[in-house]
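Enquirer: Using only what follows, build the 3D model:
(chains A, B, C and D)
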Number of protein chains: 2
Amino acid sequence: MSISSTEDVADRLHSAAIHLLRSLRREDDASGLSAPRLSALSVIVYAGPIKLGDLAKAEQVRAPTMTRLVQGLEKDGLVRRKADAGDRRVTRIAATARGRRLLMQGRRRRVSALTQRINALSKADQRSLRASLDVLERVTR
Amino acid sequence: MSISSTEDVADRLHSAAIHLLRSLRREDDASGLSAPRLSALSVIVYAGPIKLGDLAKAEQVRAPTMTRLVQGLEKDGLVRRKADAGDRRVTRIAATARGRRLLMQGRRRRVSALTQRINALSKADQRSLRASLDVLERVTR
DNA sequence: ATTATTTAGTTAGCGCAGCTAAATATTAAC
DNA sequence: GTTAATATTTAGCTGCGCTAACTAAATAAT
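Expert: Sure, this is the predicted structure:
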């Protein structure tokens, strides 16, 4: 009788994450923004004018990857870049009004499918999920 | 009186999944197999000689995507393809001994970082995480 | 029996996101 | 003033998701 090992928990968690993102990618498509762009935009909106390097760290990607993501967002008019006054090597990235608006819409669409699935759960299951969120975030960061 | 709305739960879950996969990708690299390949190999190992279409459904990707994943695995000598005797349109995919071996090693490496993080949690947190796993899997599939 | 339709898989080709290495620009150090 | 360090970008690679179009095989229709 094998009690579930920590490896099993880790493996199931990993697998669940893969399947979750796959199934949500479709909603992302509907908003016109990919998951990485939406995630980056979210940080930009909430963390104000932010240095590209800090943004890359926050999103756990390398600088060149973030440069490209930001270029995409900029081309769509969702963010703006401007050189930092103090240190002209750094680029500060800020969201435009359109970016903020689109984030909210995109975010809503993105999570709505998941929201529906969560709402379909029993109250007890919802409580269990909620209770584990803090732990989940600590473990995945 | 809901402090955290279902939307918030959904959003945090989504975000957690993104960060989890990003942080685990490095471990995947160490094993020489990407997450999608490792995941597919896992299904192949456990679901025996399986039809490509069924494999694609199980992994929630389109057939061409799975064709390519399998080609990669085959080139590495981890799986073998053979036409089904009964219906010669279908390809059955089976793991080689090397594939089975590599899965176990890869799986171990892949989850070891996560396993360590889980083990670092308090017993109560671990219990909370374990308890939510079933719910999590139901919600993400 | 022949023809048409459906099903399974592959090939071709596009876009996005991850990476490293190398280039550019600015600041800091000596 | 030259050199070293830092921030970002550019160039170029790989891999994975997709759709459209193709081949081959099985099944249905006439």
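Enquirer: what's the burial count for the residue of chain A found nearest DNA strand D?
Expert: Here the residue of chain A nearest DNA strand D is A:G53; by Cβ to the nearest atom of the strand that distance is 2.6 Å. For every residue, glycine as well, the C-beta is placed using N, CA and C. As a burial measure, A:G53 scores 13 neighbours (other Cβ atoms under 10 Å in any protein chain shown).
Enquirer: Can you give me every residue that contacts it?
Expert: A:63, A:90 (Cβ atoms under 8 Å, 6 or more residues apart in numbering or on different chains).
Enquirer: Could you rerun that using 7 Å?
Expert: Contacts for A:G53 were tallied using Cβ atoms under 7 Å, 6 or more residues apart in numbering or on different chains; they are A:A63.
Enquirer: host element of A:R80?
Expert: For A:R80, the enclosing helix or strand under DSSP states H and E is strand A:79-83.
Enquirer: Partner strands of that strand and their direction?
Expert: Within its sheet, strand A:79-83 is paired with strand A:91-95 (antiparallel), according to DSSP bridges.
Enquirer: quick one: secondary structure of the most centrally placed residue in chain A?
Expert: In chain A, the centroid-proximal residue (Cα atoms, centre = their mean) is A:S39; its distance is 3.1 Å. Following DSSP: H, G, I helix; E, B strand; the rest coil, A:S39 is assigned to helix.
Enquirer: distance of it from B:A40?
Expert: 25 Å (Cβ to Cβ, to the nearest Å).
Enquirer: Return the residues of chain A in contact with DNA strand D.
Expert: A:22, A:51-54, A:63-64, A:66-68, A:70-71, A:81, A:87, A:89-91 (Cβ under 7 Å from any atom of the strand).
Enquirer: Just the buried ones from those?
Expert: A:22, A:51-52, A:66, A:70, A:91 (16 or more other Cβ atoms under 10 Å in any protein chain shown).
Enquirer: what's the top helix by length along chain A packed up against?
Expert: What stands out as the longest helix in chain A, according to DSSP state H, is helix A:6-31. If you count contacts as 3 or more Cβ pairs under 7 Å, 6 or more residues apart in numbering or on different chains; DSSP states H and E, helix A:6-31 packs onto helix A:35-46, helix A:97-119, helix B:6-31, helix B:35-46, helix B:97-119, helix B:123-140.
Enquirer: tell me the angle the lowest-mean-pLDDT helix or strand in chain A makes with helix B:35-46.
Expert: Lowest mean confidence among the helices and strands of chain A (mean pLDDT, DSSP states H and E): helix A:6-31, at a mean of 76. Counting by axes from the mean of the first three to the mean of the last three Cα atoms, to 10 degrees, helix A:6-31 lies at 130 degrees to helix B:35-46.
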